[in-house]
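Participant: dropping a prediction and its sequence here:
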Amino acid sequence: MILHGNTFGSGKPFIILHGFLGMGDNWKTLSRQFSELDYEMHLVDQRNHGRSFHSEEFDYELMVEDLKAYCDAHHLKDIILLGHSMGGKTAMSFATKYPEYVNRLIVADISPRYYPIHHDAILEGLTSLDFSIIKTRGEADKALANYVTEIGTRMFLLKNLYWVEKGKLGLRINLPVLKENVSEVGEALPIHATFSKPTIFLRGDKSEYIGELDEVLIHRHFTDAKIETISNAGHWLHAENPKAFYDAVVQFIKM
């Protein structure tokens, strides 16, 4: 099975991998800007997310092979690969296992280290949505607000809503499997994994995902890596300060 990807533009292949509970379409606005610089954009939905296939299995080893299969199916080599959060972990793992596919690597606000589970309230809230009662996006938002108070996070999560059939809403994500395997999202990059091609780690100045101790680990795994901080941004740095994020990415890929 091949992952779903939204593809547009022409030129050098540029793949973007979303984070946990997201989808490729979250990156559509920035990607349109990148495509204007002669890049063929691929906004890829990872397994159990977006419009990609559902599976009972979910871990980074599988997601790396999913991405390889996608690249092979679309005859993509020498790619620019950008991943945010969980997508950044997939991107790191892919680059270290299949470096011949990757020209440059961009990792958005995630480190190679292990992260403890911290999605409990979100997953509980999504599980609580009863679509036999909830008939509108507004009703879904109101129900989810009991678990997720931050409106921006709720808007992001509710992008997973779709019409299963007329009058019946559902979630595109494979919620039961993602809940059961949520611990996989925080798994560390294998200790001996390395990548020697140009790499940039972008972190939000208000985020705690990449700290000083992470910098040593990053340089151990990625020997040609640099780390830059995006101002006025947290973990969703590409959405919170899109101009600074765009500028940093373009400067890196045009070097």
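Facilitator: Great, that's in hand.

Participant: so residue 74 touches residue 40, yeah?
Facilitator: No: the pair residue 74 and residue 40 does not pass the contact test of C-beta atoms under 8 Å, sitting 9.2 Å apart. Placement of C-beta: from N, CA and C, glycine included.

Participant: neighbour count for those two, which is higher?
Facilitator: In this view residue 74 and residue 40 are compared by other C-beta atoms under 10 Å, and residue 40 has more residues nearby, 19 against 16.

Participant: make sure the more buried one is indeed in a helix.
Facilitator: No: judged by DSSP: H, G, I helix; E, B strand; the rest coil, residue 40 forms no part of a helix; its state is strand.

Participant: if we can go back for a sec, which neighbours do residue 74 and residue 40 have in common?
Facilitator: In terms of C-beta atoms under 8 Å, 6 or more residues apart in numbering, residue 74 and residue 40 are both contacted by the residues 7, 13.

Participant: measure the nearest residue to residue 45 once chain neighbours are set aside to residue 208 for me?
Facilitator: Closest residue in space to residue 45, ignoring its immediate chain neighbours: residue 52 at 4.0 Å, by C-beta to C-beta, 6 or more residues apart in numbering. Distance from residue 52 to residue 208, counting by C-beta to C-beta, to the nearest Å: 30 Å.

Participant: more neighbours: which of these two?
Facilitator: Between residue 52 and residue 208, residue 52 has the larger neighbour count (other C-beta under 10 Å), namely 22 against 11.

Participant: so the more buried one, which state does it fall into?
Facilitator: Put simply, residue 52 is coil when judged by three-state DSSP.

Participant: which residues touch residue 85?
Facilitator: Residue 85 sits next to 19-20, 108-110, 209, 235 when contact means C-beta under 8 Å, 6+ apart.
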